[in-house]
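Colleague: sequence and predicted model, in that order:
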Amino acid sequence: MNNKLVIGMDFGTDSVRGILVNPYNGEILSKSVSYFKRWQRGLYCKPAEDQYRQHPLDYMESIEEIFTGLFQDIDPDLIKQVVAIGTNTTGSTPVAVDEYCRPLALLEEFKDNPNAMFILWKDHTAIQESDEINALARKWSIDYTQSSGGIYSSEWFWSKILHTNRKDPQVQRSAFTWLEQSDWIPTYLTGTDKPAAIKRNRCAAGHKAMWNADHGGLPSSEFLCSLDPSFYHLVNRFYTTTYTSNETFGTISPYFVEKYGFDSNTIITVGALDAHHGAVGSGSAPYTLVKVIGTSTCDMLVVPKTDNPPLVEGICGQVDGSIDPGMIGFEAGQSAFGDIYNWFKKMMLQPAHAILNDQLTTEQKQWLDDGFFNYITKEAAALPVTENDLVFTDYHNGRRTPDADFTKESAAYGFTLATHAGHIFKALVESTAFGSKAIIDRFKAFDVPIKAVIATGGIPNKSPYIIQVLADVLACDIQVVDSDQTCALGSAIFASLAGRIYDDIGEAKQVMAAKVVKTYSPNTANQEVYEVLYKRYNTLATL
């Protein structure tokens, strides 16, 4: 009987999104969104210091809101038909946990300590530590960074652990081990309380912690302890084996069974990073670049292992099974995309809000906020593309790919007294497109062809102007899929595999993955000019 349902949950930067899916026809029966309350208030973050932390209670409370929201407007008895739940999260977003798998921030003595919370992907406080990791890796007998593009990032697992160990001895002493958020969410959903029982996901392990089967798993104990003595008490508490998202992590915790009515045999799948599941939810295929576009971008690519792809320098990583099981998954990306547009909006509107604060109603302030991008997009779109245009780089939050460098700052060239807000927004949009082109150029430089490009996320579905500029700069078609929930959809696809509804991911994607609803073709009239502007972008990138 075709009466099984699955849930996909996508833990993003500011919220978690959940979908209830009929896996036999791909119909999404209900959706739910829960925003992280403490994050919305800016707690535990210091943007000027690149510190971004999230409290575990934000995740725990939002999970309950998602489960409530998914079933509030439909037959609550359907919850018994849910056979599997798949999840994904941001990353690298690690947290220190105790011997019972509890994030230290859940303990009274650490409840307001940012170092005991999840260190969000965009936290760049560990730049010095990543430099040390890279320096040691270049001298070591095994180059543990070779599958990470040759450069280890301050955004990633070991950098953040080392920085915390040095900054906060109390957290360093109290941490039994460290978990990625993508491993902790399944741990919490299953009620697992023994670190040794956690099935670490290959996606985060390979792309963020330098796990690779060819060198026996994680970097050796000798490497980590040579890096810093603070690793001595941790090295035997990590892992050697990793798992892909089509595998079962465990069954749902009795807590959720009792509170919501799930069947006690409901499967929780092995986790992964959000963009990797987003690629699957978008219908990933060999040599198709899937751009998961949000506050930042992750550019995902799968290549059959039988093609023996080369090691590509300067990308985030290439890992067997990190996206589609049985294929090599490549990750690249930009550390800021939508964040750049939101920075510009805030910069433009903040003075107006401050000046008119007492004269505007809440509704009027919201109207101003909501109307900003409509207005500025029309201004930018009306401008011609010329060789003398203003050019920005897209390094407002450092550079992720190619060649990670989070000390990089954005640069611009071409301001005049005639420059207005529309010119600036146009240049910012083009900068994010140039950053995308730099990534594709890096793949091509290593003879990895890009045969198609898919765009998914909120921006591709909301801003035709941005995607048209992207098509013009890349000089190729951009296919936009019909879902703004492709990350959650990818998790649902993996849930259907773990729940034995499908045995083959290709078959599951054919039914459940998002479909292409619009294709943006490049405007050939702009391509020669964009080549000139792109050269200027690359010159600025060297500053």
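Modeller: Cool, the structure landed.

Colleague: so, low pLDDT: which residues of the protein?
Modeller: 1 (pLDDT under 70).

Colleague: check which helices and strands the helix or strand harbouring residue 471 sits against.
Modeller: Assigned by DSSP states H and E, residue 471 belongs to helix 464-474. Under the contact definition 3 or more C-beta pairs under 8 Å, 6 or more residues apart in numbering; DSSP states H and E, helix 464-474 sits against helix 362-381, helix 421-445, strand 452-456, helix 458-462, strand 478-481, strand 516-520, helix 524-541. For every residue, glycine as well, the C-beta is placed using N, CA and C.

Colleague: one more time with 7 Å
Modeller: Contacts defined by 3 or more C-beta pairs under 7 Å, 6 or more residues apart in numbering; DSSP states H and E place helix 464-474 against helix 362-381, helix 421-445, strand 478-481, strand 516-520, helix 524-541.

Colleague: including distance to residue 82 and mean neighbour count, could those go into JSON lines?
Modeller: Formatted as JSON lines, the helices and strands packed on helix 464-474 follow (distance: least, C-beta to C-beta, whole Å; neighbours: other C-beta atoms under 10 Å):
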{"stretch": "helix 362-381", "distance to residue 82": "36", "mean neighbour count": "14"}
{"stretch": "helix 421-445", "distance to residue 82": "37", "mean neighbour count": "22"}
{"stretch": "strand 478-481", "distance to residue 82": "25", "mean neighbour count": "23"}
{"stretch": "strand 516-520", "distance to residue 82": "28", "mean neighbour count": "14"}
{"stretch": "helix 524-541", "distance to residue 82": "48", "mean neighbour count": "16"}
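
Colleague: out of those, which is closest to residue 158?
Modeller: Among the helices and strands packed on helix 464-474, helix 421-445 comes nearest to residue 158, with 23.7 Å by C-beta to C-beta.

Colleague: got a list of contacts for the closest one?
Modeller: Here helix 421-445 makes contact (C-beta atoms under 7 Å, 6 or more residues apart in numbering) with 289, 291, 299, 312, 314-315, 332, 334, 337, 340-341, 344, 348, 376, 379-380, 383, 389-394, 401-402, 450, 466, 469-470, 473-474, 533-534, 537.

Colleague: buried subset of these, written for ChimeraX?
Modeller: Those of the contacts of helix 421-445 that count as buried under 16 or more other C-beta atoms under 10 Å are selected in ChimeraX with:
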select :289,291,299,312,314,315,332,334,337,340,341,344,376,379,380,389,390,391,392,393,394,401,402,450,466,469,470,473,474,533,534,537
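
Colleague: can you redo the helices and strands packed on helix 464-474 as a markdown table with distance to residue 114?
Modeller: Shown next, in a markdown table, are the helices and strands packed on helix 464-474 (distance: least, C-beta to C-beta, whole Å):
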| stretch | distance to residue 114 |
| --- | --- |
| helix 362-381 | 28 |
| helix 421-445 | 30 |
| strand 478-481 | 37 |
| strand 516-520 | 41 |
| helix 524-541 | 32 |
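
Colleague: looking at these, which is nearest to residue 179?
Modeller: Taking the helices and strands packed on helix 464-474 one by one with C-beta to C-beta, helix 421-445 is closest: 29.2 Å.

Colleague: about what we covered before: now the angle from the helix holding residue 471 to helix 362-381?
Modeller: Inter-element angle recorded for helix 464-474 and helix 362-381: 30 degrees (by axes from the mean of the first three to the mean of the last three C-alpha atoms, to 10 degrees).

Colleague: quick revisit: of the helices and strands packed on helix 464-474, which is nearest residue 457?
Modeller: strand 478-481 (9.6 Å).

Colleague: which is the next helix or strand following that closest one?
Modeller: helix 486-498.

Colleague: which one of the helices and strands packed on helix 464-474 lies closest to residue 127?
Modeller: Nearest to residue 127 among the helices and strands packed on helix 464-474 is helix 524-541 (18.4 Å), distances taken as C-beta to C-beta.

Colleague: contacts for the closest one?
Modeller: With C-beta under 7 Å, 6+ apart, helix 524-541 has contacts from 385-387, 389, 391, 393, 411, 413, 430-431, 434, 437, 472-473, 475.

Colleague: does the most far-flung residue of the chain relative to its centre count as helix, strand or coil?
Modeller: What lies farthest from the middle of the chain is residue 359; by C-alpha atoms, centre = their mean that is 39.4 Å. Look at residue 359: counting by DSSP: H, G, I helix; E, B strand; the rest coil, its state is coil.

Colleague: roughly how far apart are it and residue 371?
Modeller: Note on residue 359: its distance to residue 371, by C-beta to C-beta, to the nearest Å, is 17 Å.

Colleague: for residue 383, give me the backbone phi and psi.
Modeller: phi -80, psi 140 (degrees, to the nearest 10).

Colleague: that one: what's it in contact with?
Modeller: Contacts of residue 383 (C-beta under 7 Å, 6+ apart): 422, 423, 426.

Colleague: now residue 392, nearest residue through space, not along the chain?
Modeller: Computed as C-beta to C-beta, 6 or more residues apart in numbering, the closest residue to residue 392 that is not its neighbour in sequence is residue 431, at 3.9 Å.

Colleague: tell me the SS of residue 29?
Modeller: strand.

Colleague: that one: neighbouring residues, count only.
Modeller: 15 (other C-beta atoms under 10 Å).

Colleague: looks like it contacts residue 22 (just checking).
Modeller: Yes. In this structure, residue 29 is within contact of residue 22 by C-beta atoms under 7 Å, at 6.1 Å.

Colleague: I'd guessed residue 407 sits against residue 127; true?
Modeller: Yes. With contact defined as C-beta under 7 Å, residue 407 counts as touching residue 127 (6.3 Å).

Colleague: which one's more surrounded, the two?
Modeller: In this view residue 407 and residue 127 are compared by other C-beta under 10 Å, and residue 127 has more residues nearby, 17 against 11.

Colleague: how would you label the spatially closest residue to that one that is not a sequence neighbour: helix, strand or coil?
Modeller: Using C-beta to C-beta, 6+ apart and skipping the chain neighbours, the partner closest in space to residue 127 is residue 154 (4.5 Å). Secondary structure for residue 154, judged by three-state DSSP, is coil.

Colleague: report how many residues lie close to residue 154.
Modeller: With other C-beta under 10 Å as criterion, residue 154 counts 24.

Colleague: against residue 245, how distant is it?
Modeller: Counting by C-beta to C-beta - residue 154 and residue 245 are separated by 26 Å.

Colleague: just residue 342 next, same as before
Modeller: Residue 342 is 30 Å from residue 245, by C-beta to C-beta.

Colleague: show me what contacts the residue nearest to residue 127?
Modeller: 124, 126, 127, 129, 130, 406.

Colleague: next one: residue 118
Modeller: Residue 118 touches 53, 54, 56, 93, 95, 181, counting by C-beta under 7 Å, 6+ apart.

Colleague: which strand residues bridge it?
Modeller: residue 54 (DSSP bridges).

Colleague: measure it to residue 266 for me?
Modeller: Taking C-beta to C-beta, one finds residue 118 at 25 Å from residue 266.

Colleague: what about the closest residue to residue 402 other than its chain neighbours, which helix or strand?
Modeller: Sequence neighbours aside, residue 314 is the residue nearest to residue 402 in space, at 3.8 Å (criterion: C-beta to C-beta, 6+ apart). Secondary structure assignment for residue 314, by DSSP H and E: no helix or strand.

Colleague: for residue 314, give me its contacts.
Modeller: Counting by C-beta under 7 Å, 6+ apart, residue 314 touches 149, 150, 151, 401, 402, 403, 442.

Colleague: what are the phi and psi values at it?
Modeller: Torsion angles at residue 314 (phi, psi; degrees, to the nearest 10) stand at phi 80, psi 0.

Colleague: how near is it to residue 257?
Modeller: Applying C-beta to C-beta to residue 314 and residue 257 gives a distance of 47 Å.

Colleague: before we move on, what about residue 460?
Modeller: Distance from residue 460 to residue 257, counting by C-beta to C-beta: 38 Å.

Colleague: what do you get for residue 250?
Modeller: Distance from residue 250 to residue 257, by C-beta to C-beta: 13 Å.
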